[in-house]
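quick one, what's the 3D model for this:
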Amino acid sequence: MDPFSLGWHLPGLAVITAALLWLSVIDLRTKTLPRRIIYVAAALGLPWLIAASLVTSAPHSLLTMLMGAACGLVTFGTVHLITRGGFGAGDVRLGVLLGAVLGWMNPYYAPLGLLAGLTLAAVVGLILIVTGTVSRHDSVALGPFLSLGAIATVGLAGLTSVQISFGLL
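The predicted model follows:
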């Protein structure tokens, strides 16, 4: 599905994007991702994406949505178990939501977007450790990085598709 076209999906993406911004601010301040916000974003946003899939006769995007959610759950859930909670449950919930949304758009976006967010967090975390801003044992808010990785993946994919359609690539 093309997230940049007009359609039934726009209200859902708007709700989820607003929730990502809100969650990022909260996570930066408190290092927590409230489950209520994630659940409300999913309950209000995902039905719009499902409706868009059904209205546009693209039921395959429902399967890729589930695959993306599973990608987030398996990957982040495993890390949560391995780190014994060092990787928060809120991060797992957010990973599932982002995986679902990214998977709905394109099955390749889910792993790319989640990996982009984790990579960005690792790079910034390393810089903070090297500069002495945080120690190796301090926690860093992961939600803003996951959100930024997802948004950047969609933005770069959209930019690439625009360049291809205009013959720039």
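
residue contacts, the residue nearest the centre of the chain?
What sits nearest the mean C-alpha location of the chain, by CA atoms, centre = their mean, is residue 98, with 3.0 Å. Shown in contact with residue 98 (CB atoms under 8 Å, 6 or more residues apart in numbering): 72, 110, 113-114, 117, 146-147, 150. Backbone N, C-alpha and C define where each C-beta goes, glycine included.

which two of those have the greatest separation?
Greatest spacing in the contacts of residue 98, by CB to CB: 110 and 147 (14.2 Å).

tell me which of those two has more neighbours.
Using other CB atoms under 10 Å as the criterion, residue 110 and residue 147 rank with residue 110 on top: 29 against 22.

so which of the contacts of residue 98 belong to helices?
Judged by DSSP state H, the contacts of residue 98 include 72, 110, 113-114, 117, 146-147, 150 as members of helices.

with respect to residue 124, which of those residues is nearest?
Of these, the one sitting nearest to residue 124 (CB to CB) turns out to be residue 117, at 10.8 Å.

these two touch, right, that closest one and residue 143?
No: counting by CB atoms under 8 Å, no contact exists between residue 117 and residue 143, whose distance comes to 9.0 Å.

and residue 96, what does it touch?
69, 72-73, 76.

most surrounded residue in these?
residue 72 (27 neighbours).

ok, that residue touching residue 111?
No: the criterion here is CB under 8 Å, and residue 72 misses it with residue 111 at 9.2 Å.

can you tell me which of the contacts of residue 96 is nearest residue 102?
For the contacts of residue 96, the nearest to residue 102 is residue 72 (8.5 Å; CB to CB).

follow-up on the earlier one: closest one of the contacts of residue 96 to residue 54?
When the contacts of residue 96 are compared against residue 54 (criterion: CB to CB), the nearest one is residue 69, at 17.7 Å.

what strand or helix carries the closest one?
Residue 69 belongs to helix 60-82 when assigned by DSSP states H and E.

can you list contacts of that helix?
1, 46, 49-50, 52-53, 87-89, 91-92, 95-107, 109-111, 114.

quick one: mean pLDDT for that helix?
Mean pLDDT, computed over helix 60-82, is 94.

where in the chain is pLDDT low?
1-6, 159-169 (pLDDT under 70).

could you pull out the helices for the protein?
Going by DSSP H, the chain shows helices at 9-30, 35-55, 60-82, 89-105, 109-130, 143-165.

and those as JSON lines, adding distance to residue 137?
Listed next are those as JSON lines, based on distance: least, CB to CB, whole Å:
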{"stretch": "helix 9-30", "distance to residue 137": "18"}
{"stretch": "helix 35-55", "distance to residue 137": "25"}
{"stretch": "helix 60-82", "distance to residue 137": "17"}
{"stretch": "helix 89-105", "distance to residue 137": "18"}
{"stretch": "helix 109-130", "distance to residue 137": "10"}
{"stretch": "helix 143-165", "distance to residue 137": "19"}
